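> Compute the structure for the input listed below.
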Amino acid sequence: QVQLVESGGGLVQAGGSLRLSCAASGRTFSRYAMGWFRQAPGKEREFVAAINWSGDSTNYIDSVKGRFTISRDNAKNTMYLQMNSLNPEDTAVYYCAAAVRSYAGPYQAEYDAWGQGTQVTVSS
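All right, here's what the predicted structure looks like:
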């Protein structure tokens with residue numbers, strides 16, 4: 001099973017940017033659809049974005065459309081989340097997830113492996 005490690009989180013001021021990375025182990029990364037989820041304090045984990053196995057199909061939660069971009073580099077076994085125009089409501093632990101299928105959507109049950117999470121804090 002693929003193992004996932006997130007990085008790139010940190011503290012940023014409102015309006016700033018961060019790029020999260022999710023490094024995957026194994027040689028079958030390109031077979032997985034991938035997703036980003038986040039969990040804010042006191043809230044349930046929610047879907048943020050997903051990308052299909054080839055990288056040519058993406059979807060986003062409405063609140064991040066136009067600000068966040070999900071991408072992947074199958075040659076590097078890595079997925080990214082570029083986050084621009086961050087606001088305090090984006091503060092959360094961000095998790096990457098992998099689904100053993102060509103496409104995955106916003107439901108956590110679709111995903112088979114999860115990273116440990118990386119903290120993103122946006123100050124006002």
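> show me what contacts the residue lying closest to residue 87 once chain neighbours are set aside?
Closest residue in space to residue 87, ignoring its immediate chain neighbours: residue 14 at 5.4 Å, by C-beta to C-beta, 6 or more residues apart in numbering. Quick note: C-beta positions are derived from backbone N, CA and C, even for glycine. Residues in contact with residue 14 (C-beta atoms under 8 Å, 6 or more residues apart in numbering) are 86-88, 122-124.
> wait, which of those is closest to residue 99?
Within these, distances to residue 99 taken as C-beta to C-beta reach their minimum at residue 86, with 26.3 Å.
> And the helices in this structure?
If you assign secondary structure with DSSP state H, the chain ends up with no helices.
> how many neighbours does residue 41 have?
7 (other C-beta atoms under 10 Å).
> Then the one 4 residues further on?
By other C-beta under 10 Å, the residues close to residue 45 number 17.
> Can you give me the pLDDT of it?
What the model reports as pLDDT for residue 45 is 98.
> show me what contacts the closest residue to it other than its chain neighbours?
Once its chain neighbours are removed from consideration, residue 45 has its nearest residue in residue 39; the separation is 4.0 Å (C-beta to C-beta, 6+ apart). Taking C-beta under 8 Å, 6+ apart as the contact definition, residue 39 lies against 45-46, 92-93, 95, 117.
> One more pass at 10 Å, please.
Residues in contact with residue 39 (C-beta atoms under 10 Å, 6 or more residues apart in numbering) are 45-46, 92-95, 117.
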